[in-house]
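Trainee: Prediction below, plus the sequence it came from.
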Amino acid sequence: MSSRYEDTLDPMRLAFVQVIEALRPGEVTSYAEVAAKAGYPRRHRAVGQLLGQSFDALPWWRVIYSSGHLPPVNPGLQEERLRAEGVAIERMKVVDAPHGMFSQAE
């Protein structure tokens, strides 16, 4: 993410960016997990707002609902990108991922 964009962020959103940018290919996490790891538990909606405004500056496709379901915003593209990273999806729900909270191996 460009430093110009980061300069416009408050400390909470900057912490979200750092957590999201640290996600590896094939690592899938939830909005709530991003918020918690950033030190702002219960601010999962703010994570969603940030990702909605970031376009492709952040790997938004690696962040989903805690239930494993893909959010309704652009789920086809999200599914395509996740599958390309080795994530298994059934009926718009992550069932296994190489890394992260949805991994069956970790």
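Mentor: Nice, I can see it. Numbering: from 1, shown residues only.
Trainee: Quick one: the strands in the chain, in order.
Mentor: 27-30, 63-64, 88-90, 93-96, 99-100 (DSSP state E).
Trainee: Quick one: closest of these to Phe55.
Mentor: With CB to CB as the criterion, Phe55 lies closest to strand 63-64 of the strands of the chain, at 14.0 Å. Quick note: C-beta positions are derived from backbone N, CA and C, even for glycine.
Trainee: Given that closest one, what are its sheet partners and their directions?
Mentor: When sheet partners are counted by DSSP bridges, strand 63-64 sits next to strand 27-30 (parallel).
Trainee: Tell me the spacing between Gly48 and Ser103.
Mentor: Gly48 sits 22 Å away from Ser103 when distances are taken as CB to CB, to the nearest Å.
Trainee: who has more neighbours, these two?
Mentor: Looking at Gly48 and Ser103 with other CB atoms under 10 Å, you find the greater number of neighbours at Gly48, namely 18 against 15.
Trainee: check contacts around that one.
Mentor: Taking CB atoms under 8 Å, 6 or more residues apart in numbering as the contact definition, Gly48 lies against Tyr31, Pro71.
Trainee: For the residue nearest the centre of the chain, give its distance to Gly52.
Mentor: For the chain, Val63 is the residue whose C-alpha lies nearest the centre (CA atoms, centre = their mean; 2.1 Å). Distance, Val63 to Gly52, using CB to CB: 11 Å.
Trainee: still on that earlier bit, what's the most buried one of the strands of the chain?
Mentor: When you average the neighbours per residue for each of these (mean count of other CB atoms under 10 Å), strand 63-64 leads with a mean of 26.
Trainee: Now do that one: everything it contacts.
Mentor: Applying CB under 8 Å, 6+ apart, the external contacts of strand 63-64 come out as 20, 23, 28-31, 34, 47, 51, 70-71, 78, 94, 102.
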